[in-house]
Structure formats: structure tokens, C-alpha cells
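Colleague: everything below, folded, please.
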Amino acid sequence: MFTGIVEGTGRVHSIRRSGKASYLVFDGDKLTSKLRVSDSIAVNGTCLTVVAKRRSLFEVQAVEETLKKTNVGLLRVGDRVNLELPVRPADRLGGHIVLGHVDGIGTISSITPLKKSWMFGIKIPLRFMRYLIPTGSIAVDGVSLTVARLRDASIGIAIIPHTMAKTNFRYKKPGDRVNLEFDVLGKYIERLLRRRRRRRGA
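Modeller: Residues are numbered from 1 along each chain as shown. A predicted model of the protein is given here:
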């Protein structure tokens, strides 16, 4: 489990395709020293397993389902990614509960500089809009963020200078695709209510 409080960024070092899977090597700098083989790590909010490590480099395997649902398959050598290690039971939950199970991909539609922040517009697939509420939580490339604006098929999120400096948002531009994970509590509530309606209709 993660909290969406990104600990740093890494860089794609190399990519190797193998059938319908990909092996990606990242330079995680100092974060790599905290990893062991078989550990989980969130890369752009995608929970992946470390299969090898060497000095500042660590390798993960992304299978077909991961490549289909996330932007991991769109990464290229040199790209910057957000990195977060799993939360410890004693840690503060500074963001919100993030599982690293990406729901889908959104597209950055605009970046508007404000006085002391930036407003990022993100297009959201319509089927996921039901999970969003004003000032609710969303994980974008693994970063826990608050929905500042909510429209028919898009949201606005405010990025403060600290977040801009610590994450890969400073490298983003309109048209870039980002991983989206919606609040797991909303998804559980939806499923429970759906089951209740089915029982009543039975």
C-alpha cells in the first residue's frame, strides 16, 4: 500500500521487450539502496516488483495487463518517473490510500501558471468520472492530489511548488498521458450498493 506522497523521481535507464512483457531498468539514485529483490515499488503510481538491482539501478517486469492499463508501456529511455516505496504500518498517512492498482490513463489537456501554483487540466475517461467529487482525492502518476475543479469529462488539479519540484510534473506538457487511480473507498461503496440493489430486485 502507498500514500501518494512521492519520495523522489527516477529515470528510465533501459527497456527490454520479451514477448508481451517488458523489463524496465530504472536509475532510482538513493532510493535504490532501500530496495531488495521482490520488494514492491510504485512507478508513476503503478505497483511493480523489483526483480533485480545493481548499484543505483533496479529492474522491474511489466506484464501484458500492466502495459495495457498504464503508461508504463509508453515510457522511453530517459523519461522521468515518480517513485514511492510502500508505506510502513507506523508511517503517517500523509496523502490517501493508494494501492498502486492503476484504473486507467488520462491526458493532460492544459497547464496554466497561477501566482504560486500551476493548474493542470486532465481529461478523464467518462466511465471513471463517477468516482470523482469536488475536493476529493485522486492519484495521478502516483501523486496524491485534490480535485480542485470538476467538469463533464475533465478535472483541474493544483500543483504547488513543492510537488512540482519533487515529482515528474515539472517535465509534463499538454498531450502527455498519466496514470489514474481513483479512491478505493468509492469503488467499494459502489460495489456494495450494487449488490444490495440486486438483492432487492431478486
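Colleague: distance check, E59 against N44.
Modeller: 16 Å (CB to CB, to the nearest Å). For the C-beta atoms, the positions are set from N, CA and C on the backbone; glycine is no exception.
Colleague: between those two, which one's more packed in?
Modeller: Per other CB atoms under 10 Å, whichever of E59 and N44 has more neighbours is N44, with 30 against 19.
Colleague: G142 contacts V6, correct?
Modeller: Yes - the criterion here is CB atoms under 8 Å, and G142 meets it with V6 at 6.2 Å.
Colleague: and for these two, which residues touch both?
Modeller: Here G142 and V6 have N82, E84 as joint contacts, going by CB atoms under 8 Å, 6 or more residues apart in numbering.
Colleague: which one's more surrounded, the two?
Modeller: Ranked by neighbour count (other CB under 10 Å), G142 and V6 place G142 first, with 29 against 24.
Colleague: so who does that one touch?
Modeller: Counted by CB under 8 Å, 6+ apart, G142 has contacts 2, 4, 6, 42-46, 82, 84, 98, 100, 179, 181.
Colleague: need those in a markdown table (columns: pLDDT).
Modeller: Putting the contacts of G142 into a markdown table (pLDDT from 0 to 100) gives the following:
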| residue | pLDDT |
| --- | --- |
| F2 | 94 |
| G4 | 94 |
| V6 | 95 |
| A42 | 97 |
| V43 | 98 |
| N44 | 98 |
| G45 | 97 |
| T46 | 97 |
| N82 | 98 |
| E84 | 97 |
| V98 | 93 |
| G100 | 95 |
| N179 | 98 |
| E181 | 97 |
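Colleague: between the residues you listed, which is nearest I133?
Modeller: Nearest to I133 among these is E181, at 15.3 Å by CB to CB.
Colleague: so the closest one sits against I138, correct?
Modeller: Yes - counting by CB under 8 Å, E181 does reach I138; the two are 7.4 Å apart.
Colleague: neighbour count: the two, which is higher?
Modeller: Between E181 and I138, E181 has the larger neighbour count (other CB under 10 Å), namely 31 against 26.
Colleague: any stretches of the protein with poor pLDDT?
Modeller: 201-202 (pLDDT under 70).
Colleague: so where do the strands sit in this structure?
Modeller: For the chain, applying DSSP state E gives strands covering 8-18, 21-27, 40-43, 46-54, 57-62, 80-84, 104-113, 118-123, 137-140, 143-150, 154-159, 177-182.
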